[in-house]
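need coordinates for the following:
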Amino acid sequence: MDLKPLFEPKAMAVIGVSLSNDRHPASVVYFKNHLRGPLDVYAVNPKGGKLHGETVYPSIKDIPRKIDLAAIVTRAESTPQVMMDCIEAGVKSAIVISGGFTEKGRDDLQNRLVDIARDADFPFIGPNCLGIYVPNRVDTFSAPLERMVRLRPGGVAFISQSGGIAIDQMIKFYGHGVGVSRMVSIGNKALIREKEMLDYLIKDPATKVIAYYIEGFSPGEGREFVLAAQHSKKPIVILKAGKTEAGNRAVTSHTASLAGDYASFSSVIAQHHILEASSENELASFCAALNSYTTAIAGNVGIITCSGGHGALAVDECSLAGLNVPQLSERTLAEMRGNVTESIRDIASINNPADLTGSAVDDDVVACANVMAAAPELDCVIVLMLPYTPGISLDIGARLSSLSKKFNKPFIAYVPHMEKYDMLIAGFQFNGIPVSPSIEGAVLMAKALARKKPC
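Model (predicted):
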């Protein structure tokens with residue numbers, strides 16, 4: 001099946017818009033794309049008529065042009081006929097946002113959709129989903145625009161069985177400065193599942209990192225996915241639900257998936273070099289790092305800080321994450337000590353971590369980073385940047401980025417996230433250095449690189 005029309009449509013129809021309720025999910029999808037997107041968007045309701053001056057078509061067949069993508073938001077009972085109408089009208093793909101299928105015991109309805117689609121080689125996402133978000137192109141998520149964040153285009157694709165988790169992850173990605181290529185809520189995944197999405201994303205030039213929220217697999221489905229994943233040159237990250245007996249029950253009631261034996265699942269994906277994230281924040285940290293750097297590291301970390309307390313916490317987090325914060329050679333330490341400014345030479349703790357104190361200036365941070373980047377005993381540098389340090393300027397991110405590129409060694413930054421610090425954070429992110437709002441998150445970024453399958 002050709003999935004391109006799902007992600008690169010030029011014309012979309014929203015079937016099921018309300019003529020009286022602008023907050024109806026179908027109407028939300030219609031207006032956000034019609035008013036703020038590049039698509040040609042058409043509204044469909046059996047009654048026809050006008051909606052705020054725009055034509056509403058009684059049927060998909062009445063639209064006077066070919067449609068690439070149909071967003072179907074109708075009662076479950078009517079969706080098979082709507083899908084047949086789409087196929088007869090030459091529509092190229094669909095998203096079935098409607099619920100009320102297998103998750104409610106209506107296997108018959110869901111099976112009819114699949115039979116219709118397979119007979120016509122017609123790709124669709126869902127049912128019981130939010131669909132697709134592609135920055136600056138298409139957004140079928142039915143959350144009102146003012147209640148969502150707008151992510152910039154980037155290299156991370158995120159596939160989720162849960163629409164709510166997909167929107168939550170958008171917020172986490174936004175906080176970590178992660179841009180996305182595609183976000184997909186697959187819901188009941190009746191036709192297009194994780195494996196089909198993986199096949200597409202492996203070849204997708206816009207995608208560098210492939211991430212999933214997975215509740216469970218049907219019998220045999222998990223094996224197919226893992227076998228396909230081992231051929232991916234792109235890193236794959238999974239956040240799994242259903243780790244406990246109670247979680248298993250919740251998964252079954254949500255999308256009628258089989259969560260299965262979590263211990264076996266976790267072991268198998270680790271054997272195939274798939275990263276497993278333990279939380280939404282860890283998933284965001286992993287994706288931020290993997291989107292920035294393609295080279296795996298051994299896990300020997302250098303730490304630069306302007307606060308001894310921050311450095312101590314970072315060392316603890318590295319130890320918990322299985323990373324090493326090695327003692328540096330006397331030659332390396334002497335070079336660092338000789339390169340910092342005289343004003344801090346007698347008060348700084350030149351070691352690993354290097355505590356430059358609150359009196360440090362940009363030149364001190366850059367001097368230490370230059371030595372650490374060149375040190376053979378280190379393969380990653382974490383910079384704990386405190387924006388309230390008086391001598392640190394907005395140029396620090398760009399200066400450190402040039403060192404990262406010069407020595408081909410990943411740099412990772414911690415900066416507490418507040419609106420007043422946005423310019424400093426942007427200085428790192430604009431220049432390709434991932435930034436975490438927490439020390440733990442910065443360490444998790446390094447952990448992702450240490451666990452990454454080499455490309």
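
any weak-confidence spans in the stretch 201-350 of the chain?
For the stretch 201-350 of the chain, the stretches with pLDDT under 70 are 244-260.

where along it do the helices fall?
With helices called from DSSP state H, counting those that start in this stretch, the stretch 201-350 of the chain shows them at 221-229, 245-255, 262-271, 280-292, 308-320, 330-339, 342-345.

closest to residue 179 out of those?
Nearest of the helices of the stretch 201-350 of the chain to residue 179, taken as C-beta to C-beta: helix 280-292 at 7.5 Å. C-beta: built from backbone N, CA, C; applies to glycine.

enumerate the positions of the closest one that are buried.
Applying a neighbour-count criterion of 16 or more other C-beta atoms under 10 Å, the buried positions in helix 280-292 are 280-292.

what packs against that helix?
Here helix 280-292 touches strand 153-160, helix 163-175, strand 209-214, strand 236-240, strand 275-277, strand 435-436, helix 439-451, going by 3 or more C-beta pairs under 8 Å, 6 or more residues apart in numbering; DSSP states H and E.

put together TSV for the ones you listed, with distance to residue 342 and mean neighbour count on each row.
Formatted as TSV, the helices and strands packed on helix 280-292 follow (distance: least, C-beta to C-beta, whole Å; neighbours: other C-beta atoms under 10 Å):
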stretch	distance to residue 342	mean neighbour count
strand 153-160	42	23
helix 163-175	39	20
strand 209-214	44	26
strand 236-240	46	23
strand 275-277	45	20
strand 435-436	30	26
helix 439-451	29	25
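
any chance of those in a markdown table, plus distance to residue 186?
Below are these laid out as a markdown table (distance: least, C-beta to C-beta, whole Å):
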| stretch | distance to residue 186 |
| --- | --- |
| strand 153-160 | 6 |
| helix 163-175 | 9 |
| strand 209-214 | 10 |
| strand 236-240 | 14 |
| strand 275-277 | 18 |
| strand 435-436 | 28 |
| helix 439-451 | 24 |
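
looking at those, spot the one closest to residue 197.
Of all those, it is strand 153-160 that lies closest to residue 197, at 5.0 Å by C-beta to C-beta.

before we move on, the earlier item: looking at the helices and strands packed on helix 280-292, which is closest to residue 112?
Residue 112 lies closest to helix 163-175 among the helices and strands packed on helix 280-292, at 22.6 Å (C-beta to C-beta).

the next helix or strand after that closest one pairs with which strands?
Later in the chain than helix 163-175, the nearest helix or strand by DSSP states H and E is strand 180-185. Here strand 180-185 is paired, per DSSP bridges, with strand 131-134 (antiparallel), strand 153-160 (parallel).

tell me the angle strand 180-185 makes with strand 209-214.
10 degrees (axes from the mean of the first three to the mean of the last three C-alpha atoms, to 10 degrees).

list of residues touching strand 180-185?
Under the contact criterion C-beta atoms under 8 Å, 6 or more residues apart in numbering, strand 180-185 has outside partners 7, 125, 129-135, 141, 151-163, 166, 169-170, 173, 197, 201, 204, 206-208.

how does it look with 6 Å?
By C-beta atoms under 6 Å, 6 or more residues apart in numbering, the residues outside strand 180-185 that reach it are 7, 129-134, 151, 154-160, 163, 166, 206-207.

stretch 198-212 now?
Stretch 198-212 is contacted from outside by 3, 155-159, 181, 228, 232, 234-238, 287, 290-291, using C-beta under 6 Å, 6+ apart.

and the end-to-end length of it?
Stretch 198-212 has an end-to-end distance of 10 Å (criterion: C-alpha to C-alpha, to the nearest Å).

and that stretch, how far from the chain's centre?
Its chain's C-alpha centre and that of stretch 198-212 lie 11 Å apart, by C-alpha atoms, centre = their mean, to the nearest Å.

give me the buried positions along that stretch.
Counting neighbours by 16+ other C-beta under 10 Å, stretch 198-212 gives 198, 199, 200, 201, 202, 204, 207, 208, 209, 210, 211, 212 as buried.

turn those into TSV, including distance to residue 86.
TSV is the format used below for those (distance: C-beta to C-beta, whole Å):
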residue	distance to residue 86
198	26
199	23
200	20
201	24
202	28
204	24
207	27
208	33
209	32
210	28
211	30
212	28
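
now residue 373: how far from residue 327?
18 Å (C-beta to C-beta, to the nearest Å).

could you do residue 268 as well?
From residue 268 across to residue 327, the span is 37 Å (C-beta to C-beta).

swap in residue 411?
Residue 411 sits 21 Å away from residue 327, going by C-beta to C-beta.

which of these two has more residues huddled nearby?
Applying other C-beta atoms under 10 Å to residue 411 and residue 327 shows that residue 411 carries more neighbours, namely 27 against 10.

how about the contacts made by that one?
By C-beta under 6 Å, 6+ apart, the residues touching residue 411 are 381, 400, 404, 433.

show me which of those residues is closest to residue 69.
Using C-beta to C-beta, the contacts of residue 411 come closest to residue 69 at residue 433, 36.3 Å.

start to end distance for stretch 21-29?
12 Å.

typo on my end, stretch 312-327
Stretch 312-327 has its terminal residues 14 Å apart, counting by C-alpha to C-alpha.

next, the buried residues of that stretch.
The neighbour-count check on stretch 312-327 (16+ other C-beta under 10 Å) flags 313, 314, 315, 317, 318, 321, 323, 325 as buried.

so which pair among these is furthest apart in space?
Distance extremes for the buried residues of stretch 312-327: the farthest pair is 313 and 323 at 13.6 Å, using C-beta to C-beta.

now what about the strand or helix carrying residue 56, what contacts it?
Residue 56 belongs to strand 54-57 when assigned by DSSP H and E. Residues from elsewhere that reach strand 54-57 (C-beta under 6 Å, 6+ apart): 43, 44, 45, 48, 49, 63.

ok, now stretch 114-131?
By C-beta under 6 Å, 6+ apart, stretch 114-131 touches 1, 3, 83-84, 87, 93-99, 101, 103, 140-141, 163, 185-188, 190-192.

this completes my enquiry, with thanks.
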